[in-house]
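Asks: Sequence first, predicted model second:
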Amino acid sequence: MRKKAILLLFISICMIVVAGCSSSGSKDDNSIIVGIDDKFAPMGFRDEQNEIVGFDIDYARAAAEKMGKEVTFQPIDWSSKESELNSGRIDMIWNGYTITDERKEKVLFTKPYLENSQVAITLADSPITKLDELDGKNVGLQALSSAADALAASPLKDKVNASEFKDNVLALTDLKTKRLDAVIIDEVVARYYMSKEEGTFKLLDESLAPEQYGIGIKKGNEELLGQLQKALDELNADGTAAEISTKWLGEDKVLK
């Protein structure tokens, strides 16, 4: 009976080891998982059919095709994006991801592919027209975003009543209900919502900070970075990137 128990224990251990090995090697080398904020129009968001669409979505699909890989889009908590990448749950951060010196310490970046800036958006009928007129006002922004970084680096930092939101949609909702006086937001996003809700919003005259978008890859994975950059360069050369930009942004804004 004792020998039988030992044999059963040995078989169980072997099964656990085999299952563990199978699990650790289960990721398909021909697939990439892209982490996105699925409420970041027009870069990556859900349409009326709940399908994930946008500039970065089309761009990533085209790049994956060049790389000979299948792509999966994984909505993530944007405030934990670098943790998601470094844990291996995603392979890339690709959704209006601003290149900053702080982020360069955490991830590898492709060359920048799009110019952007952080701006303030208000309701169209607001008397506010300049950034300095936000002094003492209620301002919203997405938590742990480049908008937060831009505000922290601006003279407005200690002059406004800032509220952080999980995403831009929630911040803009509070703006429309007048719980906020303005929202600090990516210009490309602001202009998208202005085009979709004509007469609702306006941009203030100045911007807070110019910036550039890039794709983030886990540090140490230079091979994947090289494959991706090669694909992006090819998309620029054959005109695909320009077509995607024109579709979503109205013109070719992709950096060459």
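Replies: Arrived safely, thanks for sending.
Asks: Just the CA trace of the strand ranked longest in the chain, in PDB.
Replies: Longest strand of the chain, by residue count under DSSP state E: strand 201-218. The C-alpha coordinates for strand 201-218 follow below in PDB (Å, rounded to 0.1, in the frame of the first residue of the first chain):
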ATOM      1  CA  PHE A 201     -16.200  72.300 -27.200                       C
ATOM      2  CA  LYS A 202     -13.400  74.700 -28.000                       C
ATOM      3  CA  LEU A 203      -9.600  74.700 -27.500                       C
ATOM      4  CA  LEU A 204      -7.800  77.400 -25.600                       C
ATOM      5  CA  ASP A 205      -5.200  79.400 -27.500                       C
ATOM      6  CA  GLU A 206      -2.000  78.000 -26.100                       C
ATOM      7  CA  SER A 207      -0.900  74.400 -25.500                       C
ATOM      8  CA  LEU A 208       0.800  73.100 -22.300                       C
ATOM      9  CA  ALA A 209       3.400  70.900 -23.900                       C
ATOM     10  CA  PRO A 210       4.400  69.500 -27.300                       C
ATOM     11  CA  GLU A 211       5.100  65.800 -27.400                       C
ATOM     12  CA  GLN A 212       5.500  62.700 -29.600                       C
ATOM     13  CA  TYR A 213       3.900  59.300 -29.700                       C
ATOM     14  CA  GLY A 214       5.900  56.100 -29.800                       C
ATOM     15  CA  ILE A 215       5.400  52.400 -29.100                       C
ATOM     16  CA  GLY A 216       6.700  50.900 -25.900                       C
ATOM     17  CA  ILE A 217       8.500  47.500 -25.800                       C
ATOM     18  CA  LYS A 218       9.800  45.700 -22.700                       C
END
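Asks: got any ranges where the stretch 1-150 of the chain has weak pLDDT?
Replies: By pLDDT under 70, the weakly predicted segments of the stretch 1-150 of the chain are 1-28.
Asks: Mind doing that once more with 80?
Replies: For the stretch 1-150 of the chain, the stretches with pLDDT under 80 are 1-29.
Asks: rewinding a little: could you say what helices and strands the longest strand of the chain packs with?
Replies: Contact here means 3 or more C-beta pairs under 8 Å, 6 or more residues apart in numbering; DSSP states H and E; on that basis strand 201-218 packs against helix 81-86, strand 92-98, strand 107-109, strand 114-123, helix 146-152, helix 187-196, helix 222-237. Backbone N, C-alpha and C define where each C-beta goes, glycine included.
Asks: Can you list the residue ranges for helices in the stretch 1-150 of the chain?
Replies: For the stretch 1-150 of the chain, applying DSSP state H, counting those that start in this stretch gives helices covering 2-24, 55-67, 81-86, 101-104, 146-152.
Asks: Could I get the contacting residues of the most centrally placed residue in the chain?
Replies: The residue lying closest to the centre of the chain (C-alpha atoms, centre = their mean) is Asn95, at 2.8 Å. By C-beta atoms under 8 Å, 6 or more residues apart in numbering, the contact list for Asn95 reads 34-37, 40, 43-44, 54, 56.
Asks: Now the buried members of the residues you listed.
Replies: With burial judged by 16 or more other C-beta atoms under 10 Å, the buried subset of these is 34-37, 40, 43-44, 54, 56.
Asks: Tell me which residues of the longest strand of the chain come out buried.
Replies: Buried-residue list, strand 201-218, by 16+ other C-beta under 10 Å: 201-204, 207-209, 211-218.
Asks: and the angle for that strand with helix 55-67?
Replies: Taking axes from the mean of the first three to the mean of the last three C-alpha atoms, to 10 degrees, one finds strand 201-218 and helix 55-67 inclined to each other by 30 degrees.
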